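1. I would like to see how this sequence folds:
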Amino acid sequence: MRSASTDRRVREPSSSNRSQVMPQTDPSRFVVRFPDVARELGVSPTTLRKLCKEEKGPPLIRLSERCFGVRRGELDAWIETRKVGGP
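-> Just a heads-up that it's a prediction; the model follows:
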């Protein structure tokens, strides 16, 4: 008798399911939540909030009444604009 953990098999999609495979998602469209944006930038959420309010931060999108985020591509583009020249 085989246990349930050893009888796992990978099933190939049937021909009817192959056409329903989801297309690859563009990573620049992913949304990074506000606290994660602050953490990635190395600033406090309060500082990031102030930057965004002054329109000096990355463009925010509202995910719900109290939840905001930034599209990955827009965050990366904003970071690129913040680069300074080297010595």
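2. Low-confidence stretches in the protein?
-> For the chain, residues meeting the criterion pLDDT under 70 lie at 1-22.
3. State the distance from F30 to L48.
-> From F30 over to L48 the distance is 18 Å, taken as Cβ to Cβ, to the nearest Å. Quick note: C-beta positions are derived from backbone N, CA and C, even for glycine.
4. So between those two, which is more surrounded?
-> Neighbour comparison, F30 and L48: the larger count goes to L48, with 22 against 13 (by other Cβ atoms under 10 Å).
5. Identify the residue nearest that one in space, chain neighbours excluded?
-> Nearest non-adjacent residue to L48, counting by Cβ to Cβ, 6 or more residues apart in numbering: A38, 4.4 Å away.
6. The one you found: what's it in contact with?
-> By Cβ atoms under 8 Å, 6 or more residues apart in numbering, the contact list for A38 reads S44, P45, T47, L48.
7. Who wins on neighbours among these?
-> Ranking the contacts of A38 using other Cβ under 10 Å puts L48 first, with 22 neighbours.
8. my guess is that one is in a helix, correct?
-> Yes - judged by DSSP: H, G, I helix; E, B strand; the rest coil, L48 forms part of a helix.
9. Let me know whether it touches E54 as I believe.
-> No - taking contacts as Cβ atoms under 8 Å, L48 lies outside contact range of E54: 11.0 Å.
10. Could you report the neighbour count for the closest residue to V37 other than its chain neighbours?
-> Excluding the flanking residues, the one nearest V37 by Cβ to Cβ, 6+ apart is V70, at 5.1 Å. Look at V70: counted by other Cβ under 10 Å, it has 25 neighbours.
11. Also the one 10 residues further on?
-> Here the neighbour count serves as a burial measure; for E80 (other Cβ under 10 Å) it reads 8.
12. Give me the helices and strands touching whichever strand or helix holds it, please.
-> E80 is part of helix 72-81, with elements assigned from DSSP states H and E. Under the contact criterion of 3 or more Cβ pairs under 8 Å, 6 or more residues apart in numbering; DSSP states H and E, helix 72-81 touches strand 31-33, helix 34-41.
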